[in-house]
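Trainee: next one to model:
(2 chains)
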Amino acid sequence: MISLTFPDGSARDFKPGVTGREVAESIAKSLAKKAVAVALDGQVRDLAEPIKADAKIRILTREDPEALALIRHDAAHVMAEAVQELYPGTQVTIGPVIENGFYYDFARDEPFTPDDLPVIEAKMAEIIARDSPFTCEVVDRKAAKKLFADKGETFKLELIDAIPAGDEIRIYSQREWLDLCRGPHMTSTGKVGKGFKLLKIAGAYWRGDSTKPMLQRIYGTAWASEEDLKAYLHQLEEAEKRDHRRLGREMDLFHFQEEAPGAVFWHAKGWALFTALIGYMRRRQQAWGYVEVNSPDMMDKALWVQSGHWEKFGDLMYVTETPDERIYACKPMNCPGHVQIFKHGLKSYRDLPLRIAEFGKVHRYEPSGALHGLLRVRHFTQDDAHIFTTEDQITEECVKLNEQMLSIYRDFGFEDVRIKFSDRPAKRVGSDEVWDKAEAALKRAVEAAGLSYELNPGEGAFYGPKLEYVLRDAIGRDWQCGTIQVDLNLPGRLGAFFIAPDGEKTVPVMIHRAMFGSLERFTGILIEHYAGHLPLWLAPVQAVVATIVSDADVYAEEVLAALQAAGLRAEADLRNEKINYKVREHSLAKVPVLLVVGKREAEEKTVSVRRLGSQAQQVVTLDEAIRMLAAEAVPPDLRQAAKTKPA
RNA sequence: GCCGGCUUAGCUCAGAUGGUAGAGCGGCUGAUUUGUAAUCAGUAGGUCGGGGGUUCGAGCCCUCCAGCCGGCACCA
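Mentor: Modelled structure (predicted):
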């Protein structure tokens, strides 16, 4: 007998080979009817699967959180059946569950069009209404291959070949339609329910490999109920409203145009935000002992050959030939320039660690399909720095960097930060011994900082391993921003050295680091994170003085002058418009503070303060308003300094 | 770069089956002096992304190119 333990702690003995369905039936008929799968020691399995050993058991219904993945996976199978029924000759490949939904990749000569989606959805609804049971059969490799070979499913044959010897090969069927699948599935197609929708069609390479054929992927979403689906679709709409490209236009921050793909035209307001970020980072770096430099935008090809960039990224660099027939490349990175600055003048071990920072604009010919608003551009500014250290100093520097990194993100409200550790890639420079050393050093640093991290194998830079900082924004999306890279290769390649205590020329270690990463990208992320409602210190226009009647014009100018004298970025709106109109317009432009002045305010030297996102009005004296706003507009780093200093 | 889609006025979008362009908002002008998310009236804006082709005739059809959008691949 085997012993199954239930969630309430009670245990009962069953015959080995008992199925989840039988267990559920033994508890209650109603439960058996609702059951869709079973969890054994937390592992979700088919309800019909024989249970062979002792386990903690939970009978899962559609309402359990674990069932969501089943609903989505089943929906993927249902979609695949629908597609093959509607479009004979289409091959199925893979169809996994993803965050919030599922997809299935198909091989078909004809492209799917958006018009096909409702047709497929309707067919899916039919299949779901049929409520065909999902059945699972374990088959041997040969039989499986024959089965799919007969159906002309060549992609499935490749998948079978990729299954390790010894693993069982399962075929799931719903009526006569079947698929190679490791499962688990619910009991029948009807359990998918009505909370699904197909969202988009996309191309996707077979096995994620750009040398392999391109398949057609259909993305869908599925939920336990129609209400959940509706809520999710609503959430997508809300996310669309924060799209930085849309807000960038509405807030008059920047634009793009055809003549400069992947290059930002920053408008005055966007640039105010951009420079506020640089100013902030500059102050923080100064406090941390960095020197700020500026290196050339173009340098001779020879230098890029020497650094190794030419070989690895030469076809992605902007290259120019001058009348004297020299070839120059726009810098895709700042590091070689910083090494030149390091090399200028003999350096002693006493100079280390030497922290060289630059807000350098780099140029990379990114693949056209990668461009995406501010988030992926071809010309961008990094808050880049290179720390030249001895090997002994790596750990200490990295621990400091980590603290700085987290403190920066905190100032923008990013509290949830994950770290990825990327080790040596296939294409790299330097010996394995040097890589061993670099990875070990970086790992020591992560551990010394007490960080947990996830391994990202093979994703390091060509010259060294890296840590990547991933921020979770206000609506739960992840953004990779900062990076720390330990480089034991480039300084040597570029001929950098310092004089060690023993008088020997020694090659320094270079730590590359960026915190915002790309300023353009970080600006885009902030716009989306804040949904355009930037905190006062970042808002391009911090306050607008809006008049109700023209009699208040003179006073409004006085208010504006007072705001500007207090260092606030402010504008006055004296137009001959109703106050409703002005409130609406400035609210849409995401101006954080509106100071409304009418006859009353002019007479009493007050202002009516209205905050973005609130209908409340607060009438205060002009002096009070200025004091309040000036205090609020202090950047977070200076705010802390002001607090610790006695008043 | 690859697959698919899209590109009409500053913005958002209409323009069956080919018969040389429309609306709302915005702009401008005027009236209105207004109390917290759109005051009214008048008026001016377009070589329909670019090139080539089919046709008596192309915003609509074909073709090449560019840009953008959604993915995939890439991301020093």
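Trainee: count the residues that sit near the closest residue to A:A539 other than its chain neighbours.
Mentor: Counting by Cβ to Cβ, 6 or more residues apart in numbering, A:P592 is the residue found nearest to A:A539 once chain neighbours are left out, at 4.9 Å. C-beta: built from backbone N, CA, C; applies to glycine. Neighbourhood size, A:P592 [other Cβ atoms under 10 Å]: 21.
Trainee: A:P592 contacts A:L534, doesn't it?
Mentor: Yes - using Cβ atoms under 8 Å, A:P592 makes contact with A:L534 at a distance of 7.0 Å.
Trainee: about what we covered before: which ones are touching the residue nearest to A:A539?
Mentor: A:H533, A:L534, A:P535, A:L536, A:A539, A:Q542, A:A543, A:R611, A:L612 (Cβ atoms under 8 Å, 6 or more residues apart in numbering).
Trainee: CA atoms of stretch A:145-160 as PDB?
Mentor: C-alpha atoms of stretch A:145-160 as PDB (Å, rounded to 0.1, in the frame of the first residue of the first chain):
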ATOM      1  CA  LYS A 145       8.800   8.600 -34.900                       C
ATOM      2  CA  LYS A 146       6.700   6.500 -37.300                       C
ATOM      3  CA  LEU A 147       3.600   8.200 -36.100                       C
ATOM      4  CA  PHE A 148       4.800  11.700 -36.800                       C
ATOM      5  CA  ALA A 149       6.700  10.700 -40.000                       C
ATOM      6  CA  ASP A 150       3.500   9.300 -41.400                       C
ATOM      7  CA  LYS A 151       1.800  12.600 -40.600                       C
ATOM      8  CA  GLY A 152       4.600  14.500 -42.300                       C
ATOM      9  CA  GLU A 153       5.500  16.300 -39.100                       C
ATOM     10  CA  THR A 154       9.200  16.700 -39.700                       C
ATOM     11  CA  PHE A 155       9.700  19.200 -36.900                       C
ATOM     12  CA  LYS A 156       8.200  16.800 -34.300                       C
ATOM     13  CA  LEU A 157      10.700  14.200 -35.500                       C
ATOM     14  CA  GLU A 158      13.600  16.500 -34.600                       C
ATOM     15  CA  LEU A 159      12.000  17.100 -31.200                       C
ATOM     16  CA  ILE A 160      11.800  13.300 -30.600                       C
END
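Trainee: list the buried ones in it?
Mentor: Going by neighbour count (16 or more other Cβ atoms under 10 Å), the buried part of stretch A:145-160 is A:K145, A:L147, A:F148, A:E153, A:F155, A:K156, A:L157, A:L159, A:I160.
Trainee: touching that stretch from outside, list them.
Mentor: Contacts of stretch A:145-160 (Cβ under 8 Å, 6+ apart): A:91-94, A:107, A:139, A:141, A:144, A:169, A:171, A:178, A:180, A:206.
Trainee: farthest-separated two in these?
Mentor: A:V139 and A:W206 (23.6 Å; Cβ to Cβ).
Trainee: with only the CA atoms kept, save stretch A:189-200 in PDB.
Mentor: Written as PDB, here are the backbone C-alpha positions of stretch A:189-200 (Å, rounded to 0.1, in the frame of the first residue of the first chain):
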ATOM      1  CA  THR A 189     -10.900  20.300 -23.700                       C
ATOM      2  CA  GLY A 190     -14.000  21.700 -22.100                       C
ATOM      3  CA  LYS A 191     -12.000  22.600 -19.000                       C
ATOM      4  CA  VAL A 192     -10.200  25.400 -21.000                       C
ATOM      5  CA  GLY A 193     -13.400  27.400 -20.600                       C
ATOM      6  CA  LYS A 194     -14.200  30.800 -22.300                       C
ATOM      7  CA  GLY A 195     -11.500  33.000 -20.800                       C
ATOM      8  CA  PHE A 196      -9.100  32.900 -23.800                       C
ATOM      9  CA  LYS A 197      -8.200  35.100 -26.700                       C
ATOM     10  CA  LEU A 198      -5.700  35.000 -29.500                       C
ATOM     11  CA  LEU A 199      -3.600  38.200 -29.400                       C
ATOM     12  CA  LYS A 200      -1.000  38.300 -32.200                       C
END
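Trainee: could you check how far that stretch is from the centre of its chain?
Mentor: 27 Å (Cα atoms, centre = their mean, to the nearest Å).
Trainee: equivalent analysis for stretch A:421-432, please.
Mentor: For stretch A:421-432, the distance to the chain centre is 24 Å (Cα atoms, centre = their mean).
Trainee: now swap in stretch A:7-22 and tell me
Mentor: Taking Cα atoms, centre = their mean, one finds stretch A:7-22 lying 43 Å from the centre of the chain it belongs to.
Trainee: got it, and stretch A:602-618?
Mentor: On Cα atoms, centre = their mean, the centre of stretch A:602-618 falls 38 Å from that of its chain.
Trainee: please report phi then psi for A:K466.
Mentor: Dihedral pair for A:K466: phi -140, psi 160, per degrees, to the nearest 10.
Trainee: so the closest residue to it other than its chain neighbours: helix, strand or coil?
Mentor: Distances taken as Cβ to Cβ, 6+ apart place A:Q485 nearest to A:K466, at 4.1 Å, with adjacent residues excluded. Three-state assignment for A:Q485 (DSSP: H, G, I helix; E, B strand; the rest coil): strand.
Trainee: which residues of the stretch 101-250 of chain A fall in strands?
Mentor: Counting by DSSP state E, counting those that start in this stretch, the stretch 101-250 of chain A has strands at residues A:101-107, A:134-139, A:169-174, A:177-180, A:196-205, A:214-222.
Trainee: next one: the stretch 351-500 of chain A
Mentor: Using DSSP E, counting those that start in this stretch, strands in the stretch 351-500 of chain A cover A:354-363, A:379-389, A:417-422, A:454-456, A:466-472, A:478-487, A:498-499.
Trainee: neighbouring strands - and their directions - for the second one?
Mentor: Yep, that's strand A:379-389 we're talking about. The strands beside strand A:379-389 in its sheet (DSSP bridges) come out as strand A:354-363 (antiparallel), strand A:509-518 (antiparallel).
Trainee: what is the mean pLDDT for the first one?
Mentor: Averaging the model's pLDDT scores along strand A:354-363 yields 98.
Trainee: say whether RNA strand B is contacted by it.
Mentor: No - using Cβ under 7 Å from any atom of the strand, strand A:354-363 stays clear of RNA strand B, with a minimum separation of 7.8 Å.
Trainee: how many neighbours does the residue in chain A positioned nearest to RNA strand B have?
Mentor: Proximity of chain A to RNA strand B (Cβ to the nearest atom of the strand) peaks at A:G369, 1.7 Å away. Using other Cβ under 10 Å, A:G369 has 8 other residues around it.
Trainee: residues in contact with the closest residue in space to A:P353 that isn't next to it in sequence?
Mentor: Of all residues beyond its chain neighbours, the one nearest A:P353 is A:T389 (4.3 Å), with distances taken as Cβ to Cβ, 6+ apart. For A:T389, the contacting residues are A:L352, A:P353, A:L354, A:E397, A:P508, A:V509, A:M510, A:I511, by Cβ under 8 Å, 6+ apart.
Trainee: can you tell me the closest non-neighbouring residue to the fifth one?
Mentor: This points to A:P508. A:F388 is the one closest to A:P508 (Cβ to Cβ, 6+ apart), at 4.4 Å.
Trainee: give me the beta-bridge partners of the one you found?
Mentor: Under the criterion used (DSSP bridges), A:F388 bridges to A:L354, A:M510.
Trainee: burial of A:P508, as a residue count?
Mentor: For A:P508, using other Cβ under 10 Å, the count is 28.
Trainee: can you pull the phi and psi angles for it?
Mentor: According to degrees, to the nearest 10, A:P508 has phi -80, psi 160.
Trainee: my read: it touches A:F497, true?
Mentor: Yes - assessed by Cβ under 8 Å, A:P508 is found in contact with A:F497 at 7.1 Å.
Trainee: intersection of neighbour lists for these two?
Mentor: Joint contacts of A:P508 and A:F497 (Cβ under 8 Å, 6+ apart) are A:K347, A:P491.
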